[in-house]
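[1] Can you look at this prediction? I've put the sequence above it.
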Amino acid sequence: MIKKEDLRKYSAEVLELFKREDIQNIEGLQKKLGRSFTAERGSIKLEEKPGGSELLPTEMVLTISYIAKREGIPIEIRLNLVRNYSSIKIKSKSSQESYVLFTPDAFGNLIQNKRFYGCSIPRLKKELEFLAGK
C-alpha cells in the first residue's frame, strides 16, 4: 500500500523533473513528450494519450505518469488542452484533502482525483508542492 510519505516523495520527484528539464509551461512539456526519465523508485513518463471517454476517445491529452517499481502509477497528471482542464489522479492508503475518492484499487489504495480549470504548469507545480508537503 502507498503511504502518504511515499506520495510526498513521488510528488517531489516530479517537481524535481520539472526543474531539471526546465519545464515551465505547456510548450516546454510538449518538447519532452515521448520521453521517460529515471526516478528514484521508478520512472516518470511524459506522453500524449487519447482523452475523453475511455470507450470513445475524442481528443489527445498530455500525460505525466510516475511509474513506481512496486506500486504501479501512484500519480498521473492529465492536461486536456482541448477542454482546458487538468486533473491529478493519486493512489494512497489514506484520503487526501481536497481530492475526490474514485475507487479503491486491488491493493487497498484509494484512487483519488482532483480536477481544475486550465492547463498551467505553474498551477500543477503548486499542487505537487501541496502533495509533497512543501
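    Sure thing, it's come through.
[2] What average pLDDT does stretch 70-84 get?
    The average pLDDT within stretch 70-84 is 94.
[3] quick one: low-confidence parts of the chain?
    52-57 (pLDDT under 70).
[4] Would you map the helices across it?
    Using DSSP state H, the helices of the chain run over residues 4-20, 26-30, 121-132.
[5] Just checking the distance from the longest one to the centre of its chain.
    In terms of CA atoms, centre = their mean, to the nearest Å, the centre of helix 4-20 is found 10 Å from the chain centre.
[6] cool, the second one as well?
    Computed by CA atoms, centre = their mean, the chain-centroid distance of helix 26-30 equals 15 Å.
[7] ditto for stretch 22-35
    Mean C-alpha position of stretch 22-35 versus that of the full chain (CA atoms, centre = their mean) differs by 14 Å.
[8] quick one: terminal-to-terminal distance for it?
    For stretch 22-35, the first and last residues are 14 Å from each other (CA to CA, to the nearest Å).
[9] who's in contact with the closest residue to residue 6 other than its chain neighbours?
    Closest residue to residue 6 apart from its sequence neighbours, by CB to CB, 6 or more residues apart in numbering: residue 74 at 6.9 Å. Every residue, glycine included, has its C-beta placed from N, CA and C. Residues in contact with residue 74 (CB atoms under 8 Å, 6 or more residues apart in numbering) are 2, 6, 7, 10, 66, 68, 90, 91, 92, 109.
[10] Any chance of a markdown table for the residues you listed, columns distance to residue 100 and neighbour count?
    Formatted as a markdown table, the entries for the contacts of residue 74 read as follows, by distance: CB to CB, whole Å; neighbours: other CB atoms under 10 Å:
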| residue | distance to residue 100 | neighbour count |
| --- | --- | --- |
| 2 | 17 | 23 |
| 6 | 20 | 18 |
| 7 | 16 | 24 |
| 10 | 19 | 28 |
| 66 | 20 | 26 |
| 68 | 22 | 21 |
| 90 | 11 | 24 |
| 91 | 14 | 26 |
| 92 | 13 | 24 |
| 109 | 15 | 21 |
